[in-house]
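J.: sequence plus predicted model, see below.
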Amino acid sequence: MVFLGACDSEKCGELCYGDPEQWFFFVPRQEREVHGGKPSRTTTTGYWKATGSPSDVYSSDGKVIGVKKCMVFYNGKAPTGAKTKWKMNEYKAIKQDLPTSTPELRNEASLCRVYVVSGSYRAFDRRPASI
């Protein structure tokens with residue numbers, strides 16, 4: 001996984017220029033995950049640390065369709081790294097062959113949303129007002 005401090009068209013494509021607040025990436029599954037290990041979240045400048053518990057992602061009709069994991073980027077080496085304002089949400093889809101079968105995570109790739117915490121809600125995070 002590569003940490004991007006700025007949107008670089010060589011690494012994230014031209015579409016990222018349309019929204020300066022967030023970037024989306026597909027991250028292929030690492031070899032160590034295939035064998036049941038944890039993914040490496042270290043980079044050349046720091047590391048991503050998971051925060052909180054994974055939460056379910058629901059479809060518009062209320063079915064669980066995936067899992068979301070939140071992470072924060074730290075500069076430096078663990079455990080003495082300095083927390084930054086960079087955050088990442090990692091989304092994994094659920095594979096369910098039959099409606100009665102037990103759901104399991106799809107592991108081909110994760111969708112990651114990387115953004116900088118600004119202190120105000122972005123359009124992506126805003127929820128409709130309850131009626």
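T.: Structure received.

J.: CA only for contacts and neighbour counts going forward, please
T.: Will do.

J.: measure how buried Gln22 is and give me the count.
T.: When neighbours are counted by other C-alpha atoms under 10 Å, Gln22 registers 18.

J.: list the contacts of the helix or strand containing Tyr47.
T.: Assigned by DSSP states H and E, Tyr47 belongs to strand 46-58. Strand 46-58 is touched from outside by 41-42, 64-78, 81, with contacts defined as C-alpha atoms under 8 Å, 6 or more residues apart in numbering.

J.: which of the residues you listed are buried, as a PyMOL select command?
T.: Here is the PyMOL selection string for the buried members of those, based on 16 or more other C-alpha atoms under 10 Å:
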select buried, resi 42+65+66+67+68+69+70+71+72+73+74+75+76
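
J.: inside helices: which ones of the contacts of strand 46-58?
T.: The members of the contacts of strand 46-58 all map outside helices under DSSP state H.

J.: list the ones among the contacts of strand 46-58 that fall in strands.
T.: Mapping the contacts of strand 46-58 onto strands (DSSP state E) picks out 64-75.

J.: show me the contact partners of the helix or strand encompassing Arg113.
T.: Secondary structure assignment for Arg113, by DSSP H and E: strand 109-116. The contact list for strand 109-116 (C-alpha under 8 Å, 6+ apart) reads 21-29, 85-93.

J.: buried subset of these?
T.: Using 16+ other C-alpha under 10 Å, the buried members of the contacts of strand 109-116 are 22-25, 86-93.
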